[in-house]
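In: Predicted model and sequence follow; I will ask about them next.
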Amino acid sequence: MEQKLIKNVMLLSGDEALARGAYEEGLVVAASYPGTPASEILEYLSKFEEVDAQWSINEKVAFEVALSASKHVGLNVAMDPLMTSAYTGVGAGFIIVTADDPGIHSSQNEQDNRLIAEVAKIPLLEPSSPSEAKLFVKEAFKISEAFDTPVIIRLTTRIAHTKENVEIGERKEVAQKEFKVDIPKYVMVPKNAYKRRLEIEKRLVRLKEYSENSSLNRIEINDKKIGFITSGVSYLYVKEMYPEASFLKIGFSFPFPEANAIEFFRKVKKVFVIEELEPFLERRLKELGIKFKAKHSSYRIGELRPEYIPNIVNGGEKKEEASITRKPVLCPGCPHRSVFWVLKKIKAVVTGDIGCYTLGALPPLGALHTCLCMGAGITFFEGMKKALHKNVAGVIGDSTFVHTGIPGLINLAYNNTKGLIIILDNSTTAMTGNQPHPATGVTIKGESTKKLILEDICYSCGVDNVDVINPHNVKELEECIKKRINENALSVIIARAVCRLNEKKKDSPPVYKKEDCKRCYLCLSIDCPALTKTKDGLININSELCTGCNLCIETCCFKALTTS
Ligand SMILES: Cc1ncc(C[n+]2csc(CCOP(=O)(O)OP(=O)(O)O)c2C)c(N)n1
């Protein structure tokens, strides 16, 4: 018995012990990128036949590959340079603008990027209106140059999209600066970084003093019985509902202006803190040991609205209301639709990504099965393929492919993964408003530029087959998907057809022969807004909406929908 125990004992490091535990728990796919002090975890795991272990090309890719095999904008993708930019400081004024999306109107998550400012130790300004946004950006440049730091300005959707008259001024002529070689400041090796780290803390002390004297933080004394500490758009909402109250309007919120808060508490009897999303200001006040009233935690989720404020003041909880919104749907004639129709037909598991094509997840299509973050359509494919082995396809838009898809594709090839990725190439960034990207060969100014050739990049990444197909040719598309999906090769289909919003041409609608219609409604399964069921159970084609893409014809086995 004693012998057995000794036999089952292994001398393991923490890394190895952790890896061993994971192995014993049945781990199947492990992905990582070398980095002290964790590299040995994967090295240890790679020795087990049962574990599909891989060095991925970076930590982000590794995370997604591993996560997808097991089963959520912008600023966070830039966290790596962001964190260290606080250390290097800036050569000239440098502003980071982040627009948060409370209520998740158009994002994959709801994040309060004010927290990032604190983590990165970068000063944060919160304007409440478009005019303030203009004023604050000027102040931000001043702060950035005076304190040698990036400055974050945080907007939210309502401030970003609201319009108001804003005073316009003259452009200042600024002398160009030389780059001053300063290796201890700009080369962040540990020894230099450590010294800069000390600088950051001293800078924060000076910034706090500046914040406390800044006109961006304003005390408005009216009724001294009730007061609000608030920032951003919330200031306007509270002001609308409680115009007679006193206010500490915070515009420079990190480092927090403690002295102003203490002064406000001395002058006002009952103080409420109202802010959108996370309790960012609240926490600073708690640290001061000051007694105040805050919103119920249920109000941390979603947008604030003026009408919520009295309920918050009365200590009420948020009641989630059923929102009446238009069902999102792919446009009539959208080239993405046929790809999803085919994938659904062959019952493929589809790892998806972020773009118009994410709408392929909604019923009745229901043909996109994952969407995490940009680039994950490909990396999730890898993990999923390694877990399921067949009938898996990854889809990604052309813009997203360029954003963060390419590293994942290289990772597939490097790690010898076989299967099918479909690039939904509508030659634009449709979802966010039709912006160009490198593969369109056009700049933001509408000038032509070097065009990224998607086919070439795929081959360069190590893809075996690249097929370029017009997805409106449904038969060809279907054949190609069926051929490639389970082949012992890494394939990319570039499904290329211009976004409907950029296509002026319109073909004639199909002809509907009601006498041949068997009322199976398969044509409605493509979720085209141009097709609806009439009161008497027939099909109506809205010729205003129909673009003549003819996908519905493909769905009709009874030839009730034809070209002539
Ligand atoms: C990290 C991150 N950056 C930006 C966005 C905003 N965004 C959503 S989808 C998308 C790209 C969509 O373009 P594409 O991939 O070409 O697909 P399409 O909408 O044209 O079908 C962008 C920029 C986001 N959601 N996440």
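Out: That came through fine. Residues are numbered from 1 along each chain as shown.
In: who touches the residue in the stretch 151-300 of the chain that the ligand sits nearest to in this structure?
Out: Nearest residue of the stretch 151-300 of the chain to the ligand: Thr157, at 13.0 Å (Cβ to the nearest ligand atom). In this view, the C-beta of every residue, glycine as well, is placed from N, C-alpha and C. Counting by Cβ atoms under 8 Å, 6 or more residues apart in numbering, Thr157 touches 99-103, 105, 303.
In: cutoff 6 Å now
Out: Residues near Thr157 by Cβ atoms under 6 Å, 6 or more residues apart in numbering: 101, 105.
In: low-scoring stretches of the chain, by residue?
Out: Applying pLDDT under 70 to the chain flags residues 1-7, 36, 57-58, 60, 63-64, 66-73.
In: how about the residues of it near the ligand?
Out: With the criterion set to Cβ under 6 Å from any ligand atom, the chain comes near the ligand through 73-74, 77, 107-108, 354-357, 374, 397-400, 424, 426, 428-432.
In: Of those residues, keep whichever come out buried.
Out: Among the residues of the chain next to the ligand, the ones that count as buried by 16 or more other Cβ atoms under 10 Å are 73, 107-108, 354-357, 374, 397-400, 424, 426, 428-431.
In: what residues go with each domain of the protein?
Out: Listed domain ranges for the chain are 2-55, 89-162+178-317, 336-502, 511-562 (source: automatic domain parsing).
In: Out of the ones you listed, indicate the one that is most buried.
Out: Highest mean neighbour count among the domains of the chain (mean count of other Cβ atoms under 10 Å): domain 336-502, with a mean of 20.
In: how far out from the middle of the chain is it?
Out: How far domain 336-502 lies from its chain's middle: 18 Å, per Cα atoms, centre = their mean, to the nearest Å.
In: what's the span of it from first residue to last?
Out: 14 Å (Cα to Cα, to the nearest Å).
In: Let me know whether Thr532 touches Ile539 as I believe.
Out: No - Thr532 is not in contact with Ile539 according to Cβ atoms under 6 Å; the separation is 7.5 Å.
In: quick one, phi/psi of the residue of the stretch 151-300 of the chain closest to the ligand?
Out: Thr157 has phi and psi values of phi -50, psi -50 when expressed as degrees, to the nearest 10.
In: Assign a three-state SS to Arg158, would you?
Out: Classification of Arg158 using DSSP: H, G, I helix; E, B strand; the rest coil returns helix.
In: Name the helix or strand for the nearest residue to it once chain neighbours are set aside, please.
Out: Counting by Cβ to Cβ, 6 or more residues apart in numbering, Arg158 lies nearest to Val233, which is 4.8 Å off, once chain neighbours are set aside. Using DSSP states H and E, Val233 sits in helix 232-241.
In: what's downstream of that helix, the next helix or strand?
Out: Using DSSP H and E, the helix or strand that follows helix 232-241 in sequence is strand 245-250.
In: Counting by contacts, list what the very next helix or strand once past that next one packs against.
Out: With elements assigned by DSSP H and E, the helix or strand that comes after strand 245-250 is strand 252-254. When contacts are defined as 3 or more Cβ pairs under 6 Å, 6 or more residues apart in numbering; DSSP states H and E, strand 252-254 packs onto strand 124-125.
In: Can you list the strands that the strand it packs on pairs with?
Out: strand 151-156 (parallel), strand 252-254 (antiparallel) (DSSP bridges).
In: now those strands as JSON lines including distance to Ala86?
Out: As requested, the strands paired with strand 124-125 are arranged in JSON lines below (distance: least, Cβ to Cβ, whole Å):
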{"stretch": "strand 151-156", "distance to Ala86": "10"}
{"stretch": "strand 252-254", "distance to Ala86": "12"}
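In: Ok, which of those strands comes nearest Lys390?
Out: Nearest to Lys390, of all those, is strand 151-156, at 44.9 Å by Cβ to Cβ.
In: what's the spacing between the closest one and its chain's center?
Out: Distance, centroid of strand 151-156 to centroid of chain: 17 Å (Cα atoms, centre = their mean).
In: Hey, what's the angle from it to helix 232-241? Just curious.
Out: Going by axes from the mean of the first three to the mean of the last three Cα atoms, to 10 degrees, strand 151-156 is angled at 50 degrees with respect to helix 232-241.
In: In contact with the closest residue to the ligand within the stretch 351-500 of the chain, which residues are there?
Out: Minimum separation of the stretch 351-500 of the chain from the ligand (Cβ to the nearest ligand atom) falls at Gly397, amounting to 2.1 Å. Counting by Cβ under 6 Å, 6+ apart, Gly397 touches 355, 357, 424.
In: export these to TSV and tack on distance to Asn391 and secondary structure?
Out: Shown next, in TSV, are the contacts of Gly397 (distance: Cβ to Cβ, whole Å; DSSP: H, G, I helix; E, B strand; the rest coil):
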residue	distance to Asn391	secondary structure
Gly355	23	coil
Tyr357	19	helix
Leu424	19	strand
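In: Give the single residue among these positioned nearest to Arg171.
Out: Gly355 (36.5 Å).
In: So which residues make contact with the longest helix along the chain?
Out: The residue-count maximum for a helix in the chain (DSSP state H) belongs to helix 190-212. Residues external to helix 190-212 that are found in contact with it (Cβ under 6 Å, 6+ apart): 86-87, 121, 123, 147, 184, 252, 255, 257, 259-260.
In: hmm, back to that, please name whichever of the strands paired with strand 124-125 is nearest to Thr370.
Out: Closest approach to Thr370 among these (Cβ to Cβ): strand 151-156, 28.1 Å.
In: Between helix 190-212 and that closest one, find me the angle.
Out: Using the same axes, to 10 degrees: strand 151-156 against helix 190-212 is 60 degrees.
In: start at 36 instead
Out: In the new count, where the first residue is 36, that last one comes out as strand 186-191.
In: ok, so of the contacts of helix 225-247, who is nearest Lys274?
Out: Closest approach between the contacts of helix 225-247 and Lys274, by Cβ to Cβ: Asn295, at 17.7 Å.
In: Could you list the residues in contact with the helix or strand that closest one falls within?
Out: Element membership of Asn295 [criterion: DSSP H and E] is helix 293-302. With Cβ under 6 Å, 6+ apart as the test, helix 293-302 has contacts from 247, 252, 254, 256, 283, 325.
In: Kindly reformat these as JSON lines containing distance to Ser164.
Out: Shown next, in JSON lines, are those (distance: Cβ to Cβ, whole Å):
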{"residue": "Glu247", "distance to Ser164": "23"}
{"residue": "Asn252", "distance to Ser164": "16"}
{"residue": "Ile254", "distance to Ser164": "19"}
{"residue": "Ile256", "distance to Ser164": "21"}
{"residue": "Leu283", "distance to Ser164": "17"}
{"residue": "Ile325", "distance to Ser164": "28"}
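In: Closest one of those to Val186?
Out: Nearest to Val186 among the contacts of helix 293-302, with distances taken as Cβ to Cβ, is Asn252, at 15.1 Å.
In: Who are the contact partners of that closest one?
Out: 285-287, 292, 295.
In: Which residue ranges of the stretch 336-485 of the chain form strands?
Out: Under the criterion DSSP state E, counting those that start in this stretch, the stretch 336-485 of the chain contains strands at 384-386, 427-432, 454-460.
In: Can you give the contact residues for whichever helix or strand comes after the longest one?
Out: What it means is strand 454-460. Under the assignment DSSP H and E, the closest C-terminal helix or strand after strand 454-460 is helix 489-496. With Cβ under 6 Å, 6+ apart as the test, helix 489-496 has contacts from 444-445, 448, 474, 501, 527, 529.
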